[in-house]
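A.B. asks: show me the folded form of this:
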Amino acid sequence: MKTVVTVAIIAFFSTGFFAAGGEIGLDEYLELVKTTHPFFIKEDLSVTVEKKGAESLLGAQDWLFNVTPSYNYLGEASAPEYGGQKRIHQLSIDLGLNRALWSTGGRLGVGFSSGYTDSDALLGKYFKHGVSASYTHPLLKNKKGAVDRLAYELSDYSIDLTEVQVVENKEGFLLEAAVKFLDWAYYTETVRIAEDRLALAKEQLDQTEKKFKANLVDKVDVLRAEDAVRIADQVLLQLQAQWKSRQAELATLAGSDTIYSQGPRFDLYRLEPLPGRDVAVSALMDQSRVLRTFDILKEQLARQREGLKEQERAQLDLTLAGGIFGRDEEFGKSLEIYKPDATVSVVYSKPFGNRTVRAQIEEIDLRLRQVEEEKRSTEISLESLLMSLMIQMAEIEKIIELNRAQIRSAEEKTKEEINLYNRGRSQLTFVIQSRDNEENAKLTYAENAALYHSLRVQYRALLDELYVAE
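C.D. replies: Just a heads-up that it's a prediction; the model follows:
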């Protein structure tokens, strides 16, 4: 760990300030973050966890094996009811396989039984063995397995919701990374402006020193020029520190030391045309993943309501059961299993009132209304945020145009101040002040341009265009 930190520190301070190793663009950087940061793996695991939870529900269709060994003794009070006189001893073992059939809603079972009875009745001692099968088919409630599949089908909606939330979380993470990258691009521009200002200050100092040596200006002008250089140098160092700090943050975020030898490739002053209000709102409503979550919730609640309506129905089950058995006093002959038994039965049941299910259905109806109202509320909030971003970007575009005009004016004023100073009709203070104003105008221009792109990337995230699920 110490070695990694040492390497990072060396890379931090030993590389040239600007991109000795090339440049990296915003989209390229975001792709790097997506492939290296553990946040994205963690989010993907959330979906995997949900899917595994859903798979566990499939176990309801598995075969269930059961073994039931038993011993039964009937004394003088009970034995006569079963043909005995004073006693009956029964020893048996039953083996069975059962499973639910989701395709029909039925229950299928097969079994094997083996028993030995010892009584003081006429039959005395005998062995009995047999194999059997049974099938119960729903004619009303749970027809075609509607109730059996309910929990599994509802889990599909939970997976869909998790997938949407995961993509939203990823996009939110990338939005933060993108804003940091734009800060880096902004500091790159401010450093460039500060370097130009320092170069002009040094040039002015050199000219002033030459004029002083030629007795054309006073010593105070040299001191003023030196102060201008020191101030410009100080500003540059501060901006460079901010630049390197943001570079280190981005390198750590991406898990890539290569960033330490790179600079941002981004046109800070390139403005992109905005779509019309109706087009933007339509795109928002069509593409918003947040709104999609409400649709999934409504579908899930509607399916749950169907399941409750199914449970509200009367139960009418048809059961078919049969088997072949063998019975004899001798064990060997009792294994001759060919004597059939068969049963057909119908079970009907229906609770009176069924208040529990009805209350649950009414609850779901209210929740459906609640989700619909919440979706409408969210639509208003999203549209409001969209309009706010678009208005801010439109206004900043106007401000940026004014910044450009201000820079042109400041540059013209600086030229005039220099001409006046060179002709001895003005003081160096006004030249320095004019150049500072010019630098401040350029810094304001860069700041507004960076703010515009920060709003632009928020706009992309709002329309779910910053992260596209694979």
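
A.B. asks: for the residue nearest to Ile231 when sequence neighbours are not counted, what is the enclosing helix or strand?
C.D. replies: Counting by Cβ to Cβ, 6 or more residues apart in numbering, Ala201 is the residue found nearest to Ile231 once chain neighbours are left out, at 7.8 Å. Using the backbone N, CA and C atoms, a C-beta is placed for each residue, glycine as well. Using DSSP states H and E, Ala201 maps to helix 150-213.

A.B. asks: tell me the secondary structure for Val468?
C.D. replies: Under DSSP: H, G, I helix; E, B strand; the rest coil, Val468 falls in the coil class.

A.B. asks: before we move on, which element is Val346 in?
C.D. replies: For Val346, the host element (DSSP H and E) is strand 339-349.

A.B. asks: check Ile364 too.
C.D. replies: Applying DSSP H and E, one finds Ile364 within helix 355-422.

A.B. asks: again with Leu95
C.D. replies: Element membership of Leu95, judged by DSSP H and E, is strand 88-101.

A.B. asks: packing partners of that strand?
C.D. replies: Using 3 or more Cβ pairs under 8 Å, 6 or more residues apart in numbering; DSSP states H and E, the elements in contact with strand 88-101 are strand 64-74, strand 106-119.

A.B. asks: quick one, domains of this protein?
C.D. replies: Following automatic domain parsing, one finds the domains of the chain at 2-54+152-298+367-462, 66-143+314-355.

A.B. asks: so how many other residues sit close to Lys170?
C.D. replies: The tally of other residues near Lys170 (other Cβ atoms under 10 Å) stands at 20.

A.B. asks: for it, report the pLDDT, please.
C.D. replies: Turning to Lys170, the model gives it a pLDDT of 96.

A.B. asks: could you find the closest non-adjacent residue to it?
C.D. replies: In space, and not counting its chain neighbours, Lys170 is closest to Tyr467: 5.2 Å by Cβ to Cβ, 6+ apart.

A.B. asks: and the gap between that neighbour and Val166?
C.D. replies: Tyr467 is 10 Å from Val166, where distance means Cβ to Cβ, to the nearest Å.

A.B. asks: before we move on, what about Tyr452?
C.D. replies: Counting by Cβ to Cβ, the gap between Tyr452 and Val166 amounts to 30 Å.

A.B. asks: so these two - more neighbours on which side?
C.D. replies: The neighbour comparison of Tyr452 against Val166 (other Cβ under 10 Å) goes to Tyr452, with 23 against 19.

A.B. asks: just to revisit the earlier point, and the residue nearest to Ile231, how far from Ala232?
C.D. replies: Per Cβ to Cβ, Ala201 is found 4 Å from Ala232.

A.B. asks: with Gly105 instead?
C.D. replies: 83 Å.

A.B. asks: before we move on, what about Gln360?
C.D. replies: 74 Å.

A.B. asks: which of these two has more residues huddled nearby?
C.D. replies: Under the neighbour definition other Cβ under 10 Å, Gln360 and Ala232 were set side by side, and Ala232 has more, 24 against 16.

A.B. asks: secondary structure class of the more buried one, three-state.
C.D. replies: Assignment for Ala232 (three-state DSSP): helix.

A.B. asks: my guess is Thr104 contacts His137. True?
C.D. replies: Yes - assessed by Cβ atoms under 8 Å, Thr104 is found in contact with His137 at 6.4 Å.

A.B. asks: hmm, back to that, what comes into contact with the strand holding Val346?
C.D. replies: Identification of contacts with strand 339-349 by Cβ atoms under 8 Å, 6 or more residues apart in numbering yields 130, 132, 314-327.
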